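# no FASTA, just this:
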């Protein structure tokens, strides 16, 4: 199998919707960070220009602004990690996994994820119980 065939096989199973959603999520996080930082920097300049007569009040307000900047960075890092986790989940639940492991079979990660999200392992219904993995 050549390199081109290997790449084509991998691209067929790529979760393109998850890739687009992750890109939009990262773009939104960057926009949130940039706009929040710029707004707080402008607020700091306004406070410095108009409210710097009382040094104690000025120092307190500047510390509050810096605290809000750290909150923005913490929130952005959380959403960055959350987007990466959702992308990984998209790769685990794509059709390529079903092609590799067969129909109605799943990986251990997929079982743990579905048990966590749905609240437990669901029965197989009218199909009966099937062995999830085999060595064959």
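Here it is on my side, so go on. Worth saying up front: this structure is predicted, and the values here are computed from it rather than measured.
# Tell me the buried residues in the host helix or strand of residue 63?
Using DSSP states H and E, the element containing residue 63 is helix 55-92. Residues 61, 69, 72, 76, 79-80, 83, 87, 89-90, 92 are the ones in helix 55-92 that count as buried (16 or more other CB atoms under 10 Å). Bear in mind the C-beta positions are built from the backbone N, C-alpha and C, glycine included.
# Let's have those residues in TSV, adding distance to residue 43 and pLDDT.
Formatted as TSV, those follow (distance: CB to CB, whole Å; pLDDT from 0 to 100):
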residue	distance to residue 43	pLDDT
61	9	86
69	10	91
72	12	92
76	18	91
79	23	91
80	25	90
83	28	89
87	34	85
89	38	82
90	38	81
92	43	77
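# I'd like these written out as JSON lines, with distance to residue 51 added.
JSON lines is the format used below for the buried residues of helix 55-92 (distance: CB to CB, whole Å):
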{"residue": "61", "distance to residue 51": "7"}
{"residue": "69", "distance to residue 51": "18"}
{"residue": "72", "distance to residue 51": "22"}
{"residue": "76", "distance to residue 51": "28"}
{"residue": "79", "distance to residue 51": "32"}
{"residue": "80", "distance to residue 51": "34"}
{"residue": "83", "distance to residue 51": "38"}
{"residue": "87", "distance to residue 51": "44"}
{"residue": "89", "distance to residue 51": "48"}
{"residue": "90", "distance to residue 51": "48"}
{"residue": "92", "distance to residue 51": "53"}
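# which one of those residues is nearest residue 32?
Comparing those against residue 32 with CB to CB places residue 76 closest, at 6.1 Å.
# any low-confidence regions in this structure?
For the chain, the stretches flagged by pLDDT under 70 are 1, 13, 95-136.
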